[in-house]
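Visitor: sequence and predicted structure are below.
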Amino acid sequence: MSDPVEPLLRVEGLKTHYDSTDGFLDRLLGRSRRVRALDGVSFELREGETLGVVGESGCGKTTLARSLLRLIEPTAGSVYYRGEDLTTLSNAELRDRRRDLQYVFQDPLSSLNPRLTAGEIVGEPLDVHGLAGGADRAGRVRELLETVGLNASHAGRYPHEFSGGQRQRLGIARAIAVEPEVIVCDEPVSALDASVQSQVLNLLSDLQERFGISYVFIAHDLRVVEHVSDRVAVMYLGEFVERGPTDAVFRPPHHPYTEALLSAIPEPDPLWDGDGIRLAGTVPSPIDPPSGCRFHTRCPRLVPDADSDLPADLWRSVTALARRAANADDVTSLTATRGAVRAHDPTGRADDPTGRADDPTRAESAARPDPTEASRETFDGLVREEFGLPGTLPDADAEEVLAEAIDALYDDRIGAAGELLGSAFVSPCERHRPPEYAVGPDHGIACLRYDDGFDEETGTLEDDSEPAGRS
Amino acid sequence: MTALLEVEDLTVRFHTEAGVVTAVDGLSYRVEAGETFGVVGESGAGKSVTALSVLGLIDDPGRIEGGEVRFKGEDLLSMDESERRSVRGDQIGLVFQDARAALNPAYTVGEQIAETIEHHLGYDPSAARDRAIRLLDRVGIAEAETRYSDHPHEFSGGMCQRAGIAMALSCDPDLVVADEPTTALDVTVQARVLDLLAELADEFDVAVQLVTHDLGVIAGTCDRAMVMYAGEAVETAPTEELYYDPKHPYTAGLLGSIPRLGDDADRLSTIPGTPPDPTDPPPGCRFHPRCPFAEEACTRTAPALVDPETGEPATLDGDRAAACLEYTQGLSGGLEYSVEVVDETDGRDGGGPDE
């Protein structure tokens, strides 16, 4: 089925950067901010297959979808369709190509012209590409509507007269009107109810079987992606972190990000107990993505420094402190907030709304210890509590650095503490950008844990030089 | 014994230009103290209207036209607005789908929570601020003291929802009504917010009425759940029984239409058609045009909500109820579906009508 020489679609190093330079003053001062929404993505789409792309919001999925067909102009890289580079085509040539490459949008209502009837919407691409006229055209429109499961007698209705699922069918009818080879679907079912969603997914798979269409299927829902895809790419901050055949991606080994996404799926089974992996925070800003592996700031499997004797989880807790210290404005944010939250607790109650602040005994028991006024010892405890660190780290060197950093924090030298910790606790993940490692046939994972130098037993990277890997 | 919240025979209608929409039709259910009760259904099923009715937040052109909403035995609907407001503020918290829209963009997040605490619990400003900070910290907002002074637009979606939860819990309510609290969030954030909600419900000993369209969300968090279709309850059951032994064909159909990990089927089983036009629901059983087991009787007789074992009318304190003629007069073809639990190692099940 697939052509070993040239796949249907071959994407190489596709990048799309936006300029978010903010107004006149920024320009005057020469400040520019580049949003690296899509930052070097490569993949192939073979004939008749579905490639699923998953990731959280803000990871660049939609930018990828739009850059492929140049609805947004990519900054760099190439998109080869049957060997022809779409990024170098003129607009007129590109319009011709769009007969072969179509798009289905997330929100069917906003992507359908409200002033056109269903028949006109489906007929428009036929006119644009001169595919059918006169009686042929009317017949073709009826045929298309019926193909996607709409009633052909509803051709005179307007989009608002259809339900959400029917509107999405209409969007699909418009896309297949020109008999395309490839359809890029951007979250085609995420706006639909469960029972309707499954109907539309079945329709897409029927159309694939009947017309041999290939899909690039973009969605945030892993359940949907697993169901429709032959191969899957997992995206994080503008890059692919894992790609491979669907079965392989959804079975170990995983990229830690894939693993976390899988663990977060709410399974409709009350006795199912997930792995309980929870990611902290949200996707960082693509303006200034983290160094090394972009996922390292949230990674639950961050690789510790090989020189450290700390257990991996403690090591990661210390790096969490280092990261927070690097970004914090004041020390109160780095200390545990003690005290009960229940209103019924005797100290927080409103029986005595007056004078609480003046009453010293009450103030002492009620108020949270103010870290800026606490003793060095209390302060130390508050910091360790916030990050789940023991009173003394089991590694003497690490403890020395940590104590010094807490001293600095106590003196309100937050920047110094951040630097101290930041330079003493450096993960290889922070230093090295992981190449894609081949872990199986056609299956690649961009994570240092799959480097030859990674020691499963100690959980560290032995040879901390530039990682090799396939790339 | 009376439950914390008892809704009986609630009917809500919207008088629109297109006609009268009966959004909720004779709905009855209860929420026990401390339990998490799920309400699930597709859009238009009446889930949100139900939630808003509990709080007396139905506005024109909507009207609550019948029934009672008893909170700790007292009917909220017969109270005047100021009495209802004090119950709502002090004892019932609300978490919205769009948390950012629920916060006032002109005030800092912390101030808004502190203001609620001052108003309802009578705290002085500094104690209210203190409690607000502790709450923000408790719902997992890092650097709570700093973030207290941030405006809503400086919070991410997940943080807004956490702040929304902090606000709902700020006055120590006995019931929190959460309307699609995680629908707008990424799956990784959703998982953490659901964990948090469950943890806090336990810690604060508060009952939660969780409204969602996602059966996966219900499975992980709720003790009991009610499935709604076209303004009516079609099934109520303890969560495990609902998933492993669904009694209503709609519940079974919904379970079957969710794509499962590790399921190799090429096609998903689906419920044909779409939910009915709310201004003109079909006669008889409202689900019959989409039901694979519908018979002639279903087009004529509206099924009552009954105990599926005995066929007796469902009561407010019963645990299982389903509205299908199979359980009163019996369908000649019966209901032919089964739930399969596939692959022990995955522990995932597949439900839905047999094909």
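Guide: Alright, I've got the coordinates. Residues are numbered from 1 along each chain as shown, chains lettered A, B, ... in the order given.
Visitor: got the domain ranges for the chain?
Guide: I'll assume chain A. A:9-100+A:180-263, A:312-430 (automatic domain parsing).
Visitor: chain B was what I was after
Guide: B:5-227, B:243-334.
Visitor: about what we covered before: just name the most buried of the domains of chain A.
Guide: Among the domains of chain A, judged by mean count of other C-beta atoms under 10 Å in any protein chain shown, the one packed with the most neighbours on average is domain A:9-100+A:180-263 (a mean of 19). Heads up, the C-betas are built off the backbone N, CA and C, glycines and all.
Visitor: end-to-end on that domain?
Guide: Chord length of domain A:9-100+A:180-263, first to last residue, is 32 Å (C-alpha to C-alpha, to the nearest Å).
Visitor: got the contact list for the most centrally placed residue in chain B?
Guide: Relative to the mean C-alpha position of chain B, the nearest C-alpha, by C-alpha atoms, centre = their mean, is the one of residue B:211, at 2.1 Å. Residues touching residue B:211, when contacts are defined by C-beta atoms under 8 Å, 6 or more residues apart in numbering or on different chains, comprise B:38, B:39, B:40, B:47, B:48, B:50, B:51, B:177, B:178, B:179, B:180.
Visitor: in a helix, the first one, correct?
Guide: No - assessed by DSSP: H, G, I helix; E, B strand; the rest coil, residue B:38 does not belong to a helix; its assignment is strand.
Visitor: same for chain A: which of the contacts of residue B:211 are within range?
Guide: Checking the contacts of residue B:211 against chain A by C-beta under 8 Å from any C-beta of the partner chain, not one of them is in range.
Visitor: on that earlier part again, which one, of the domains of chain B, ends up nearest to residue A:183?
Guide: Closest approach to residue A:183 among the domains of chain B (C-beta to C-beta): domain B:243-334, 18.4 Å.
Visitor: return the residues of the stretch 1-150 of chain B in contact with chain A.
Guide: Residues of the stretch 1-150 of chain B found near chain A (C-beta under 8 Å from any C-beta) are B:42-43, B:121-124, B:126-127, B:130-131, B:133-135, B:137-138, B:142-146.
Visitor: with distance to chain B and mean pLDDT added, can I get the domains of chain A in a markdown table?
Guide: As requested, the domains of chain A are arranged in a markdown table below (distance: least, C-beta to the nearest C-beta, whole Å; pLDDT from 0 to 100):
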| stretch | distance to chain B | mean pLDDT |
| --- | --- | --- |
| domain A:9-100+A:180-263 | 4 | 90 |
| domain A:312-430 | 3 | 74 |
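Visitor: nearest to residue A:283, out of the ones you listed?
Guide: Proximity of the domains of chain A to residue A:283 was assessed by C-beta to C-beta; the nearest stretch is domain A:9-100+A:180-263, lying at 4.4 Å.
Visitor: can you get me a residue count around residue B:180?
Guide: Neighbouring residues of residue B:180 were enumerated by other C-beta atoms under 10 Å in any protein chain shown; the total is 19.
Visitor: how close does the residue of the stretch 51-200 of chain B found nearest chain A get to residue A:224?
Guide: Checking the stretch 51-200 of chain B residue by residue against chain A with C-beta to the nearest C-beta singles out residue B:143 as nearest, at 3.2 Å. Here the distance between residue B:143 and residue A:224 works out to 36 Å (C-beta to C-beta, to the nearest Å).
Visitor: all helices of the stretch 351-471 of chain A, in order?
Guide: If DSSP state H, counting those that start in this stretch is used as the criterion, the helices of the stretch 351-471 of chain A fall at A:360-366, A:376-386, A:396-410, A:414-424, A:428-431.
Visitor: and stretch B:89-102, how far apart are its ends?
Guide: First-to-last distance for stretch B:89-102 - C-alpha to C-alpha - comes to 15 Å.
Visitor: quick check: buried residues in that stretch?
Guide: Residues B:89, B:91, B:92, B:93, B:94, B:95, B:96, B:97, B:98, B:99, B:100, B:102 are the ones in stretch B:89-102 that count as buried (16 or more other C-beta atoms under 10 Å in any protein chain shown).
Visitor: please convert those residues to JSON lines, extending it with distance to residue B:157, secondary structure and pLDDT.
Guide: Conversion of the buried residues of stretch B:89-102 to JSON lines gives the following (distance: C-beta to C-beta, whole Å; DSSP: H, G, I helix; E, B strand; the rest coil; pLDDT from 0 to 100):
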{"residue": "B:89", "distance to residue B:157": "25", "secondary structure": "helix", "pLDDT": "80"}
{"residue": "B:91", "distance to residue B:157": "28", "secondary structure": "helix", "pLDDT": "92"}
{"residue": "B:92", "distance to residue B:157": "24", "secondary structure": "strand", "pLDDT": "93"}
{"residue": "B:93", "distance to residue B:157": "20", "secondary structure": "strand", "pLDDT": "92"}
{"residue": "B:94", "distance to residue B:157": "18", "secondary structure": "strand", "pLDDT": "91"}
{"residue": "B:95", "distance to residue B:157": "14", "secondary structure": "strand", "pLDDT": "92"}
{"residue": "B:96", "distance to residue B:157": "12", "secondary structure": "coil", "pLDDT": "88"}
{"residue": "B:97", "distance to residue B:157": "11", "secondary structure": "coil", "pLDDT": "85"}
{"residue": "B:98", "distance to residue B:157": "9", "secondary structure": "coil", "pLDDT": "85"}
{"residue": "B:99", "distance to residue B:157": "7", "secondary structure": "helix", "pLDDT": "86"}
{"residue": "B:100", "distance to residue B:157": "7", "secondary structure": "helix", "pLDDT": "87"}
{"residue": "B:102", "distance to residue B:157": "12", "secondary structure": "helix", "pLDDT": "88"}
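Visitor: from the residues you listed, which two are the most distant?
Guide: So, the buried residues of stretch B:89-102 by C-beta to C-beta: farthest apart are B:91 and B:100, at 25.4 Å.
Visitor: show me what the residue lying closest to residue A:216 once chain neighbours are set aside is bridged to.
Guide: Using C-beta to C-beta, 6 or more residues apart in numbering or on different chains and skipping the chain neighbours, the partner closest in space to residue A:216 is residue A:184 (4.6 Å). According to DSSP bridges, the partner residues bridging residue A:184 are residue A:103, residue A:216.
Visitor: what sits against residue A:184?
Guide: Taking C-beta under 8 Å, 6+ apart as the contact definition, residue A:184 lies against A:65, A:68, A:69, A:101, A:102, A:103, A:104, A:215, A:216, A:218.
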